[in-house]
Structures are given as structure tokens and as C-alpha cells.
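Trainee: Requesting a structural model of the entry that follows:
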Amino acid sequence: MEKVKNFMDQESKKHYFNQEQTARIEAELEQFSFLQKFHEVFSGGEIYLVGGAVRDFLLQRPTKDYDFVARKVEAEKLKDFLESLGTVNFVGKHFGVFKFIPKDWPLEEPIDVALPRNDFSFQTGGYRDVRVEIDSEMPIEEDLKRRDFTINALALNLSDKKRYFIDAFGGLEDLNNKIIRAIGDPEQRFSEDYSRMLRALRFACQFSRTQHDQSDWQIDPKTWESISRNIHHLNDVQTQVGETEEGSTIALEIEKERIVPYEVIAKEFLKSFKADPVKAFDLYEQSGAFQELIPEIINMKNCPQPERFHSEGDVYTHTKLALNNLYSKEFQDYFGHQAPSLELILSVLFHDIGKPETIQTPEKNGSDRIRFNNHDKKGEEMTRKICERLRLSSPDKVGADVEAVARLVSSHMVCTNRDIPEMKANTIAKYFFNDYYKGDDLLKLSFVDIMASIQPNGKSDFTNFELMQKRVDEIKNLSQSKKDLPAPLLNGGEIMEEFAILPGPQIGEILNAVREEQLAGHISTKAEALDLVFKKLKAS
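Mentor: Got it, this is the predicted structure:
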């Protein structure tokens, strides 16, 4: 992080920037044309950029999340002012925030503009279970103290020509030291909103992976202890009792509602694993979040594997190694440095989730060795259930393609098949040239899985993977793009017209046979394809 170099007023917690930093701030603020107009309309008003945007500015991270707080301005006048410059949606009693989209705003995400407020939590742990009191005269420091973490309780003053930001809770020091710390008493902060616990894990993952020096962020010990103590509250429910009237009968209607919706959990979970899968894996295990949300992953611990193929250890250890391999030099040398897709990350996480459910051992089952028959198909079933349970497809813009993840898990053994040389070209095309199976991700999943399968000699056996890669490359070389499948040599209409055949199952069988010979490299022209059809019809 670029440290603020100029002096700090200890009395008011004001931090002033040097000339270079001020210039960078001004460049950032040019996109907010409404700020100049705000000062023209509200001569005595104050406006601050607050929260994550200030944090990201100091960390030199890109952001699309802009929150402003306006002081000494009446709510109705602020609303009228914003509506004159764009569209406004008021987020009701729970938050008291104007969602503002200026006419010249280039981003999809709206700007949040709010008045200073106090949140009085009902201490249920639900982020909506609060009473909000708006006070336009409230000092900005009072507004900041209701936030979650010190690094988010920063405010950049936009009303003073000499730019400074306010840090009332030590957020700057925590940014410099790469510490995620709850404001005040973490027990109270988390009881106000239990999803903040997962947010702390997410920040630790996001900031560590995106920092230029790749250094590690840590969660403050007191904050971490509180997370570990309270993580079970993620599954808390509250009972809603109502009345329904059916004719002359009044019946009680009882509904149970999650305090922390799965949709909120899904958003934090996916952002964490997208940012840094290995660190997320560790933090979710150590905090107890896996035990509460995905106990199936904990079941992989102490699930033994045959030493002949997996000297690295149990299924849990193997899975963590596979996740780590996504960022290995070997993986990047082979596939490039593009960040892994969310679907790939989740398929690596879940690829062996079915092993504890399918394990057979010589001692218990009389098998010749430890076996996991059909663990890929069982894993597909379990993956789909886990993803649906956690609503992993639900978060806007960051949701996962659950079906794609399940199919990757189901087919992750294809590159270890011993019969790869005999596999039909159509079968290989189905797996690796079809968006349904996400062929590129399937190769990557197979690579990290094999790399994490360590033989007693300390090496991994890529023999079958290399055979599969060779078959895939042979098919790629049939097309001019060297990437996609070549266009079919014939279609059904041409076959029916050329050979006077009526529509029916026979047409599909012939097309499959022609396509197989084409993808196997045995034929490459329409004439050769027609000759093949002639021979097949004659033979039949």
C-alpha cells in the first residue's frame, strides 16, 4: 500500500496527502460531475467519499463501489437535487440510501448517496434487522463507527480544497499492516450482521491475491476468535408467526427464515474462492465455515487413498494440492497465466467429494485395494445438491454455472482412461469441443488433479493425459483455426438427395459414421464422405 506521507492531526484524526497523492485523488473524482454542482446548491453542506472506495484508493485497487455521505443537507432537498441530475431509487427504511445513477454515469452500478445515520441493531445477526435513524447534523465519525471493519471506516473529505481523509478507528494503520480488524467489539459487530464473518474471510482472500507483492493479509486475532466462536450462527433461523383465514377458521402460519440468506452466503463464498482458492479453503476450514456450510468437504479428511497413486495423503490433502496447482508454474507454463474460471475452481474443490461416500477397503469390503468406484458420478450428484443448497448460481454477476461445475466433476476422470487410443473421435469431440462440457476447463481440471496425485517416487503420471492431449490436438489440426472442430462434410439433406433415402434413424447413423471418420482424420473432402456413404449403404 502507498503510505500517506504527510502529517496527521492527532486531535481530529485528519490525514493529509502530498501533492502527488492529491493529484491522483482529483483525477479519480473527475468522473463525479455532480460533486461540483452539490457545492453550488448546498453552500453549507459537506460530502464525503466513504468506505470501500477510500480503502481501495489507498490500496491502489480498482473499484466500482462508490458510497458518499452528505452532511448538513435535508433529505428531501438531497433527493430533489439528485433527481435533477439522474435517476434515483430510495432503499427504504432498512438503509435510508439513495441509489443514484447520473445521466453521464458510464457504469452499471449506481452510486450510493446517504445522510449520516445510526443503525440500532436488533442483535439477531440479520443485516436487515436494524432500526435506522438519520441525522444530517451527525459528525461523520459517528456515521463511520457503525461500519464493519476499520479499513472500511475511512472518509475522504470532498468539501475542503485541501484534500484529507478521516480515520477515527485506526484503519490506516491496519491497511499498512495488512490487518482486517472489526471496529470496537467484534462480538457486537458480528451480532449486528453475521454475514460480516464471511466478509472478513473474503477480504483476507481478495487483498492477499491482488496486492503487488502478493503478501499475506491476516485477520486480527480478537476478530478471528470471535468469528470462530460465532460461525455457527450462519445457520440461525428466526420463526415468523402469522395468521391465515380460511372461511370461518383462523389458522396460525409458522415460517422459518434464515437469518443469513443463502444468497448472501453464496456471494461471499464465491468471491473468496474466485480471489484465492487455497487461502479460502484454509480459512473456511479453520474458522468452522465448512463444517457449517459444506460438511461434505470435512468428510474428505482422513479418507484414505491407495499409496500407489496418492502418496500425498488423504482426499482432503489431495484436494488442497489440486487447488494450489491452479497457480503453479507448471500449470501456467502449460495453459498460460489467465485466471481460472469460477467453474474450474469449484470443480477442483468438488471433484473428489464423492470419494468418502464410495470408498471400499480390503478390511471392510474385501476389495483388492482401496477403491472409489463411480465416485465421479456420485460426486456429480453431490456437487449439484451442494450448489443448489447454497444457491451458488444466484448472486448477480458472480454466480456460478452449477450445471457446468457438476458436469466437470462427472467427467474429471476422462483423461486418466486407459483406453484413450481406442476412444472414438466423436467421444473426444463431445468432451473437449463442446460448451456443454467446457473442454478447456476439463483439461485444466485433469491436469491439476493428476499433478496432485503423487506416486511413491514423488512424481505424477501424465502418460494418459498426454495421450488425450495428443488426440485433442489431432482433431484441432483438422480445422483451419487450429482451435474449433472442422465443419461437417455432409448434412442429412445432402445424403437424402444424393441417395434417395427417406428421413429416419438411418440418416443419423450415417452422419455419425461420416463424422467419426472425418474427426479421426481418415477423410477430409465431400467426395470422400459420399464414397463412404455409398459403401455403407451397399454393405447394408
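Trainee: Could you look up the SS state of the nearest residue to residue 430 once chain neighbours are set aside?
Mentor: Spatial nearest neighbour of residue 430, excluding adjacent residues (CB to CB, 6 or more residues apart in numbering): residue 437 at 6.9 Å. From N, CA and C alone the C-beta is placed, and that goes for glycine too. Under DSSP: H, G, I helix; E, B strand; the rest coil, the three-state class of residue 437 is coil.
Trainee: For the stretch 101-250 of the chain, which segments count as helices?
Mentor: 140-144, 171-177, 186-192, 195-210, 221-230 (DSSP state H, counting those that start in this stretch).
Trainee: Residue 141 versus residue 169, what's the distance?
Mentor: The gap separating residue 169 from residue 141 is 9 Å, by CB to CB, to the nearest Å.
Trainee: what about the two, which has more around it?
Mentor: Neighbours per residue, other CB atoms under 10 Å: of residue 169 and residue 141, the larger number sits with residue 169, 23 against 16.
Trainee: Touching, the more buried one and residue 151? I think so.
Mentor: No: when contacts are counted by CB atoms under 8 Å, residue 169 is not listed as touching residue 151 (9.2 Å).
Trainee: highest average neighbour count across the helices of the stretch 101-250 of the chain?
Mentor: Sort these by mean neighbour count, taking mean count of other CB atoms under 10 Å, and helix 195-210 sits at the top with a mean of 23.
Trainee: what number of residues lie near residue 457?
Mentor: 8.
Trainee: likewise residue 436?
Mentor: Residue 436 - counted by other CB under 10 Å - has 10 other residues nearby.
Trainee: Just the pLDDT at it, thanks.
Mentor: On the pLDDT scale, residue 436 is placed at 82.
Trainee: distance of the nearest residue to it once chain neighbours are set aside from residue 383?
Mentor: Leaving aside its chain neighbours, residue 436 sits nearest to residue 407 (6.9 Å; criterion: CB to CB, 6+ apart). Distance from residue 407 to residue 383, counting by CB to CB: 9 Å.
Trainee: And those two? Which one has more around it.
Mentor: residue 383 (27 against 23).
Trainee: So that one, which state does it fall into?
Mentor: helix.
Trainee: what's near enough to touch it?
Mentor: 346-347, 350, 353, 405-406, 409 (CB atoms under 8 Å, 6 or more residues apart in numbering).
Trainee: need the helices for the stretch 401-540 of the chain, in chain order.
Mentor: Under DSSP H, counting those that start in this stretch, the stretch 401-540 of the chain gives helices at 402-410, 425-432, 439-451, 463-476, 492-499, 505-519, 526-539.
Trainee: Name the residues of the fifth one that come out as buried.
Mentor: For helix 492-499, the buried set under the neighbour-count rule, 16 or more other CB atoms under 10 Å, comprises 494-496.
Trainee: which residues in the stretch 1-150 of the chain form strands?
Mentor: With DSSP state E, counting those that start in this stretch as the criterion, the stretch 1-150 of the chain has strands at 8-9, 14-16, 46-50, 67-71, 86-91, 97-102, 111-114, 117-121, 130-134.
Trainee: any chance of these in JSON lines, plus distance to residue 229?
Mentor: Below are those laid out as JSON lines (distance: least, CB to CB, whole Å):
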{"stretch": "strand 8-9", "distance to residue 229": "35"}
{"stretch": "strand 14-16", "distance to residue 229": "34"}
{"stretch": "strand 46-50", "distance to residue 229": "29"}
{"stretch": "strand 67-71", "distance to residue 229": "30"}
{"stretch": "strand 86-91", "distance to residue 229": "31"}
{"stretch": "strand 97-102", "distance to residue 229": "31"}
{"stretch": "strand 111-114", "distance to residue 229": "32"}
{"stretch": "strand 117-121", "distance to residue 229": "18"}
{"stretch": "strand 130-134", "distance to residue 229": "22"}
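Trainee: what's the closest of those strands to residue 483?
Mentor: Counting by CB to CB, residue 483 lies closest to strand 97-102 out of the strands of the stretch 1-150 of the chain; the figure is 39.7 Å.
Trainee: Nearest to residue 191, out of the helices of the stretch 401-540 of the chain?
Mentor: helix 402-410 (32.2 Å).
Trainee: How about residues contacting the closest one?
Mentor: 343-344, 346-347, 350-351, 353-354, 376-377, 379-380, 383-384, 387-388, 392-393, 436-438, 441-442, 445.
Trainee: Any idea which residue is closest to the centre of this protein?
Mentor: For the chain, the residue nearest the mean C-alpha position is residue 270 (2.8 Å; CA atoms, centre = their mean).
Trainee: So for that residue, what's the pLDDT?
Mentor: On the pLDDT scale, residue 270 gets 98.
Trainee: residue contacts, it?
Mentor: Counting by CB under 8 Å, 6+ apart, residue 270 has contacts 342, 392, 395, 398-400.
Trainee: Please report which of those has the highest neighbour count.
Mentor: Most surrounded of those: other CB under 10 Å gives residue 392, at 26 neighbours.
Trainee: Roughly how far does it sit from residue 16?
Mentor: Taken as CB to CB, the span from residue 392 to residue 16 is 45 Å.
Trainee: Residue 296 too?
Mentor: Residue 296 is 52 Å from residue 16, by CB to CB.
Trainee: Check residue 166 too.
Mentor: Distance, residue 166 to residue 16, using CB to CB: 11 Å.
Trainee: Looking at the two, which one has more neighbours?
Mentor: Set residue 166 next to residue 16 and count neighbours by other CB under 10 Å: residue 166 wins out with 23 against 17.
Trainee: what pLDDT does the closest residue to that one other than its chain neighbours get?
Mentor: Distances taken as CB to CB, 6+ apart place residue 155 nearest to residue 166, at 4.6 Å, with adjacent residues excluded. Note on residue 155: pLDDT of 94.
Trainee: which residues touch residue 155?
Mentor: 48-50, 54, 69, 140, 143-144, 165-166.
Trainee: Tabulate those residues (a markdown table), appending distance to residue 189 and pLDDT.
Mentor: As requested, the contacts of residue 155 are arranged in a markdown table below (distance: CB to CB, whole Å; pLDDT from 0 to 100):
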| residue | distance to residue 189 | pLDDT |
| --- | --- | --- |
| 48 | 21 | 95 |
| 49 | 22 | 95 |
| 50 | 17 | 95 |
| 54 | 19 | 93 |
| 69 | 19 | 95 |
| 140 | 19 | 92 |
| 143 | 15 | 91 |
| 144 | 13 | 93 |
| 165 | 22 | 88 |
| 166 | 20 | 92 |
